[in-house]
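Asker: Quick check, what structure comes out for this input:
(2 chains)
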Amino acid sequence: MKKLCLGLAVTAALATSAVALAAVTPSVKFVTPKPGASTHSKTTFTVKLTNFKLDAKDVGKTKKANTGHLHFSMDNGKYDYPKYSGANGKLAVMLGIAGKYSPSVLPTITYRALPKGTHHLVVFLANNDHSAIGPKASITFTVR
Amino acid sequence: MRLRALTVAAAFAVTLGSASAGGASGSDGGTPARRPVIVRMGDFFFRPKVVTVHVGEEVRFVNTGKIQHTVADTDAHGHIRSRLIRPRPLEPGQLQVVRFTKPGRISYLCTFHPTLMRGRIDVVR
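Answerer: Numbering: from 1, shown residues only, chains lettered A, B, ... in the order given. Below is the predicted model of the structure:
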C-alpha cells in the first residue's frame, strides 16, 4: 500500500512538472492571412504569441525568459528592406541586418510592393539580445 | 565550432605575423608597417574599449562571444550613423576589418546591444 501511494505521488509530481514546463514554452503561429491565401502586394501579417511577451523597451539588453521581440524574414530576407517592410525595414538597415530579416516589437508586420507570385514568410522568436530562442512559424502565400 | 575556432585563430595569427613585420620594418629606418589592431567583441563588451590607431591602420573586430554582434559608428550623441563602419551581423568567430583613412575620434557601438556595448577609436596621424 505504501509503495502504491509513493508511486502515485511520484507520477503526480512528474505530471505537474510536465504541465508546468509546457506552460512556459513560448510559441508563435500565423493568424492572418491563412496559409496558401491569395493576397495583394501590400499585406499585413499577424501572429499569435503564447507564453511570450513582446518587450520594446528592453530590446538590445540581456535576455529575459519568455520575453523579447520578433524577426520576420520574407523569402530569406530578399524583401527585408525599407521599400518592402517600411519602418521595420528601416530598423533593419540601422541594425545592419537588412536583407536578412525585419525586426518587430509588435505581433504584426506589413509588407508592401511584393511582386506577384508565391512567397514564404518566417517569423522567429528572439531574445532581447537578438539571439534566437528557437520557436518559429512560417506561411506560404501568393500575391495575385 | 571548429570553423569558428579556426577563424579566430587565423585572425590572431595574421595579427601576430603583421606585428612582427612591423617591428622589423621599423628597425631599418623605413616607414613602420601598419599593424592591425584587434578589438574583441564579447557578450556584452568591446575590449579594449578605447584604442588609438594611426591613419591607414586596420582595426579587426572579432566576435569572441557566443551570440551575434555588430559594430557601427555613431555621432556625438550616440546615434547610429554607419558611415565609417557599416554594421553586419557577425557570428561567433567571425571578424570585420575596418581601415581608417582620416584622423578623428570615432565612437561606435553594437547595433544589437547599444546600451551595453560601446567603444571608441582615436585615429591619429
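Asker: per-residue pLDDT, A:L106?
Answerer: In this prediction, A:L106 carries a pLDDT score of 97.
Asker: after the worst-scoring helix or strand of chain B on mean pLDDT comes which helix or strand?
Answerer: Least confident element among the helices and strands of chain B, by mean pLDDT, DSSP states H and E: helix B:2-27 (a mean of 35). Following helix B:2-27 in sequence order, the next helix or strand is strand B:37-42 (DSSP states H and E).
Asker: Adjacent strands (with direction) for that next one?
Answerer: As defined by DSSP bridges, the strand partners of strand B:37-42 come to strand B:45-47 (antiparallel), strand B:58-63 (parallel).
Asker: pLDDT (mean, whole number) over the first one?
Answerer: Averaging pLDDT along strand B:45-47 gives 98.
Asker: Buried residues in it, which are they?
Answerer: Counting neighbours by 16 or more other Cβ atoms under 10 Å in any protein chain shown, one finds that the buried residues in strand B:45-47 are B:F45, B:F46. Using the backbone N, CA and C atoms, a C-beta is placed for each residue, glycine as well.
Asker: can you list contacts of that strand?
Answerer: Strand B:45-47 is contacted from outside by B:V39, B:R40, B:F61, B:V71, B:Y108, B:C110, B:L116, B:M117, B:R118, B:G119, using Cβ atoms under 8 Å, 6 or more residues apart in numbering or on different chains.
Asker: Enumerate the residues of chain A near chain B.
Answerer: Residues of chain A lying close to chain B (Cβ under 8 Å from any Cβ of the partner chain) are A:G60, A:K61, A:T62, A:M94, A:L95, A:G96, A:I97, A:K100, A:D129, A:H130, A:S131.
Asker: Pull the distance from whichever strand or helix holds the fourth one to the chain's centre.
Answerer: Looking back up the chat, that one is A:M94. Using DSSP H and E, the element containing A:M94 is helix A:82-95. Its chain's C-alpha centre and that of helix A:82-95 lie 17 Å apart, by Cα atoms, centre = their mean, to the nearest Å.
Asker: Show me what that helix is packed up against.
Answerer: Judged by 3 or more Cβ pairs under 8 Å, 6 or more residues apart in numbering or on different chains; DSSP states H and E, helix A:82-95 is in contact with strand A:67-74, strand A:102-104, strand A:108-111.
Asker: buried stuff in it?
Answerer: Applying 16+ other Cβ under 10 Å to helix A:82-95 flags A:Y84, A:S85, A:G86, A:N88, A:G89, A:L91, A:A92, A:V93, A:M94, A:L95 as buried.
Asker: which among those gets closest to B:H79?
Answerer: In terms of Cβ to Cβ, no member of the buried residues of helix A:82-95 lies closer to B:H79 than A:M94, at 9.4 Å.
Asker: how about the strands paired with strand B:37-42, which one is nearest A:F45?
Answerer: Evaluated over the strands paired with strand B:37-42, closeness to A:F45 peaks at strand B:58-63, with 31.3 Å, by Cβ to Cβ.
Asker: Give the next helix or strand downstream of that closest one.
Answerer: strand B:72-74.
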